[in-house]
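Based on what follows, work out the 3D shape:
(2 chains)
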Amino acid sequence: MIEIENVTKKYSGNSSPAVDELNLKINDGEVLGLVGLNGAGKTTTIRMIAGILPPTSGRIRVDGLDVVKEKVKASYNVGWIPELPNFELNAKPLTLMKYFGGFYDSKEDMNKRILDLLNSVGLSNDLNKKLRDYSQGMKKRFAIAESLINDPKNVLFDETLNGLDPEGVKFVRNLIIDLKRQGKAIMLSSHILSEIENLADRVAIIHHGKLIKMLSRSDLKNLGKTIIHIEITGNDSSDEIMKETLSQFGTFEKNDGEIILRDLTVPDNDIPSILRQLVTKGLTVRKFEPVGESLEEYFFRLIGEKQ
Amino acid sequence: MKPIVYEIRRTLTSKFVIIMMIAIVGLSALLAYESASTSSSVNVPSEPILSYGYFINGNNLTMVGYAHDSYGNPVSGVSVYYQYNGTEYSAVSSSNGFANSTFTIGKSPQISIETHYSYKQFGNRIVTSPTQYIVNESSHYSGLEIISGIFNPSNTSNLGFMVMYIGQNGSPSPQVSIIVKAVNSSSQISDTSNYTYYYNLSFISIAKIYPQINSNNRNMSFFVSAEGTNGKPMMIYTGTGKFTPLIDLFKLSIYTPITESRLQSLVFSGAASILGLFIPILAIFVAYLTYGKDRTSGVLESVLKRPVTRGELITTRFLSNSLAILIAGSFAMIVTDIIYDRYLHMYFTPEFLLDLIWTYLVEGIAFLALIYLISHVVKSQGALLGAAIAVFVVMDLFWGVIPIAVISALGISPASSSYITVNILFDYISPAGYSNLIQALITGQLGSFGGISINPSTYGITNIALAFAGCLWMLIPFTLAYLLAKYRD
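A predicted model of the protein is given here:
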């Protein structure tokens, strides 16, 4: 479990805070998606949880342990996969893994665990290469392996999906699901919002270092205002009828034969009346699908409003 | 694997450290060899030497001249001149070194022959001053002569002697025992069994004898006598018309034992200069490669996310880097010590050896700590590398020049005490000057600018001051780096 309480991070005294009075909690067995524009404070937040950066104020606790005051104990159960992993490039993966493994009092056979991890991320055939000879994707796979070396209870994924091939994306997706099943607390930061939407139990949207929205799983299913996807077949006159009819119920746009009606003037429970009107006016309606906004649409609308 | 073990292994097995260690130890050894072998070698003269003998056949005197080098080897092409009764006779030495001349003499108990010789050296003909050789006519041949002071080619610190026998023309070859006896400081004749040489001498014979000289008899005086097969003493001709039963050789070793202070000066002028240059290079760039570069590139974060504090991480890396400096400095000094002992027969005193190791440990660790500190001040790898090179160039490579420039600019006279004070001040300011201060403390010489003799304590150079300065140089930059790592990053 990760608890972030009133955390602020300033890189210098005069600058505006990278993270501003942030409060978050990630429960065990939960995936928290962290969404925000570049510079929103996502990576800074993750680096503070990982113990790389100390917060300027506030407190971060991992499984109840303060990451500043009890750094060694707290770091014991944090795994962090950074966006751009950096390693000692002259080292070979096994040697470096053994070095990293030396920081943990593992009761398990560390050598066996290291080999299993490297095998699971698909690097077992590249153990004799130096890390400088690894591609960015291979380095990211190695980063996943070394971050899980102590089987941590809390795992931070910072733009981990970037630079991975489709197989790698699938691997990480399955890994996150698997870790969640094991009851681990997971923070997932990604610009691929569809992945967040699919994987996260909750989504935290941060902007200029502040939490501006926390969405639950049920919120994700009905995000923001309803829009209606409509397909109508007919002649030129039906187009005029359609425009006249739909303009009473909101604003619409036509895109490749599909009409998207948004900013509805009727409440959600009166949406069937739109369909009735269209049919009454003799139009042939092939598709009428009211949906919530996608996370991406919602995100951009929310950020746009904030700006 | 324990992280400290990995850090030490990483430091000691990096190509840069291995190359630097080889360079430091190898160059120190070479310089030690150069200064020790030069210091211990004897300047052996290259000019030819003439040794004389004679035999008389009727009224004819044959003067035998043997031209040889300082090792007793024959020298050809030397023109030898014998002057008798105003007439000069000459001969040129052949490949066996002999330049003999026969001429008629009158009846006289003793005949004085004036001799001199000439040879070519670097294209010029050198003519020696005349000397007098006395022919004792009562003896028809000079017989056994001992020519002392020839150099032992296998060890030029030791001398030997040459036995030259000129017999009667057509006489049989006698057998002789050449006996060398040593006299110790109490004028007691030592055991002579190892110093008896047996020879079969023919009409004209030359033999070289190098008695074994070791540390036990290096200071003893020697003399030579000869016995025939009947055990009776054989008389040795002295070249002055007289025969003697024995010849004093005095000492057969010209080895001068080195003093401790001379050895220390040799070290500071030789191997120390290499260590003063290369240990800072090792320290600066090992700090850059294993800490600063990792920190500025973000590699350190892959370690910092582990259950380790920043303080532990910086300390572990610093200690493993320091170990490389300690190993390089100690190994270089021990090899230097062995080489000096091989040639000068004296080991460093343990105190001096520890002083040297401490000196270069302080220099190395101080530069190491400076780069650790700068690593926490600059933001990029390029800036750090530039700063590291600048530190090396300014604070080590040209540090000896900067005070001279400052002194010149200030118009301070080189003979004044201000001159020395400014130099010492600069030696305290940079870790590169620490070896100068240690040298001044041990030898009383400020070597970096011409070897000025000083009283170290007058200028504040004392054991306590240097121990304190050394500790400060190591601790202050590292403590600052530690605090920055812990509280600022």
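
Show residues contacting stretch A:172-181.
By CB atoms under 8 Å, 6 or more residues apart in numbering or on different chains, the list of residues contacting stretch A:172-181 from outside reads A:29-31, A:144, A:155, A:157, A:160-161, A:164, A:186, A:188, A:195, A:198-199. C-betas here are computed from N, CA, C, even on glycine.

Pretty sure B:A485 sits in a strand.
No: using DSSP: H, G, I helix; E, B strand; the rest coil, the assignment for B:A485 is helix, not a strand.

That one contacts B:H376, doesn't it?
Yes: B:A485 is within contact range of B:H376, at 5.9 Å (criterion: CB atoms under 8 Å).

low pLDDT regions in chain A?
Across chain A, the ranges flagged by pLDDT under 70 are A:107, A:221-224, A:236, A:305-307.

Please pick out the residue of it most distant from its centre.
A:S237 (46.2 Å; CA atoms, centre = their mean).

From A:G282, how far out is it?
A:S237 sits 9 Å away from A:G282, going by CB to CB, to the nearest Å.

Around chain A, pick out the residues from chain B.
For chain B, the contact set with chain A under CB under 8 Å from any CB of the partner chain comprises B:1-3, B:5-6, B:10, B:14, B:294, B:297-299, B:301-309, B:489.

hmm, which of those are the buried ones?
Buried residues within the residues of chain B next to chain A, defined by neighbour count using 16 or more other CB atoms under 10 Å in any protein chain shown: B:1, B:3, B:6, B:10, B:14, B:294, B:297, B:299, B:301-308.

which helix is the longest one in chain A?
helix A:166-181 (DSSP state H).

Show me what secondary structure element comes after that helix.
strand A:185-189 (DSSP states H and E).

Can you list the helices and strands that the helix or strand following that next one packs against?
As assigned by DSSP H and E, the chain's next helix or strand after strand A:185-189 is helix A:193-199. Packing partners of helix A:193-199 (3 or more CB pairs under 8 Å, 6 or more residues apart in numbering or on different chains; DSSP states H and E): strand A:31-35, helix A:166-181, strand A:185-189, helix A:295-306.

what would these look like in CSV with distance to B:A415 and mean neighbour count?
Shown next, in CSV, are these (distance: least, CB to CB, whole Å; neighbours: other CB atoms under 10 Å in any protein chain shown):
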stretch, distance to B:A415, mean neighbour count
strand A:31-35, 74, 25
helix A:166-181, 76, 15
strand A:185-189, 72, 25
helix A:295-306, 77, 16
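
Can you tell me which residues in the stretch 51-200 of chain A are near chain B?
Residues of the stretch 51-200 of chain A lying near chain B (CB under 8 Å from any CB): A:51-53, A:71-73, A:75-76, A:78, A:80, A:82, A:84-88, A:90-91, A:95, A:98-104, A:143, A:146-147.

Just the residues you listed: which are in strands?
In this view, those that belong to strands under DSSP state E are A:78, A:80.

The residues of the stretch 51-200 of chain A next to chain B in helices, which ones?
A:71-73, A:75, A:95, A:98-101, A:143, A:146-147.

ok, A:L65 - contacts?
Contacts of A:L65 (CB under 8 Å, 6+ apart): A:73-74.

ok, now with 10 Å
A:71-78 (CB atoms under 10 Å, 6 or more residues apart in numbering or on different chains).

Can I get the buried part of those as one ChimeraX selection?
Entered in ChimeraX, the line below selects the buried ones among the contacts of A:L65, by 16+ other CB under 10 Å:
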select /A:71,74,75,76,77,78
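
now the strands for the stretch 1-150 of chain B?
Shown for the stretch 1-150 of chain B, the strands assigned by DSSP state E, counting those that start in this stretch span residues B:49-57, B:60-68, B:79-84, B:87-92, B:101-104, B:110-121, B:124-127, B:131-136, B:143-151.

again, but for the stretch 201-307 of chain A
Remark: strands assigned in the stretch 201-307 of chain A by DSSP E, counting those that start in this stretch are A:202-207, A:210-216, A:227-233, A:251-255, A:258-262, A:284-291.

quick one: strands adjacent to the longest one?
Here strand A:284-291 is paired, per DSSP bridges, with strand A:227-233 (antiparallel).

what residues does the partner strand touch?
A:238-239, A:241-242, A:245-246, A:249-250, A:252, A:254-255, A:257-264, A:271, A:274-275, A:278, A:283-294, A:297.

swap the cut-off to 8 Å and go again
Here strand A:227-233 makes contact (CB under 8 Å, 6+ apart) with A:238, A:242, A:246, A:252, A:257-262, A:264, A:271, A:274, A:278, A:283-293.

Pull out the buried residues from stretch B:136-144.
Using 16+ other CB under 10 Å as the test for burial, stretch B:136-144 gives B:136-137, B:139-144.

For those, give me CSV that also has pLDDT.
Output for those, formatted as CSV (pLDDT from 0 to 100):
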residue, pLDDT
B:N136, 86
B:E137, 81
B:S139, 85
B:H140, 86
B:Y141, 88
B:S142, 89
B:G143, 88
B:L144, 88
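
So which of these is the closest to chain A?
When the buried residues of stretch B:136-144 are compared for distance to chain A (CB to the nearest CB), B:L144 wins out at 75.9 Å.

was I right about that closest one contacting B:M235?
Yes: under the criterion of CB under 8 Å, B:L144 makes contact with B:M235 at 7.3 Å.

Between the helices and strands packed on helix A:193-199, which one is closest to B:G53.
Checking the helices and strands packed on helix A:193-199 against B:G53 by CB to CB gives helix A:166-181 as the closest, at 100.2 Å.

now the closest one against strand A:31-35, angle please.
Relative orientation of helix A:166-181 versus strand A:31-35 (axes from the mean of the first three to the mean of the last three CA atoms, to 10 degrees): 130 degrees.

could I have helix A:166-181 exported to PDB, CA atoms only?
Extracted in PDB, the C-alpha atoms of helix A:166-181 (Å, rounded to 0.1, in the frame of the first residue of the first chain):
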ATOM      1  CA  PRO A 166       3.400  -5.400 -29.300                       C
ATOM      2  CA  GLU A 167       4.600  -8.500 -27.700                       C
ATOM      3  CA  GLY A 168       6.300  -6.500 -24.900                       C
ATOM      4  CA  VAL A 169       3.100  -4.400 -24.400                       C
ATOM      5  CA  LYS A 170       1.100  -7.600 -24.100                       C
ATOM      6  CA  PHE A 171       3.700  -9.000 -21.600                       C
ATOM      7  CA  VAL A 172       3.500  -5.800 -19.400                       C
ATOM      8  CA  ARG A 173      -0.300  -5.800 -19.600                       C
ATOM      9  CA  ASN A 174      -0.400  -9.400 -18.400                       C
ATOM     10  CA  LEU A 175       2.300  -8.800 -15.800                       C
ATOM     11  CA  ILE A 176       0.300  -5.900 -14.300                       C
ATOM     12  CA  ILE A 177      -2.800  -8.100 -14.200                       C
ATOM     13  CA  ASP A 178      -0.800 -10.900 -12.600                       C
ATOM     14  CA  LEU A 179       0.800  -8.600 -10.000                       C
ATOM     15  CA  LYS A 180      -2.700  -7.200  -9.200                       C
ATOM     16  CA  ARG A 181      -3.900 -10.800  -8.700                       C
END
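
what about the stretch 51-200 of chain B, any weak spots by pLDDT?
Scanning the stretch 51-200 of chain B for pLDDT under 70 picks out the ranges B:170-173, B:184-200.
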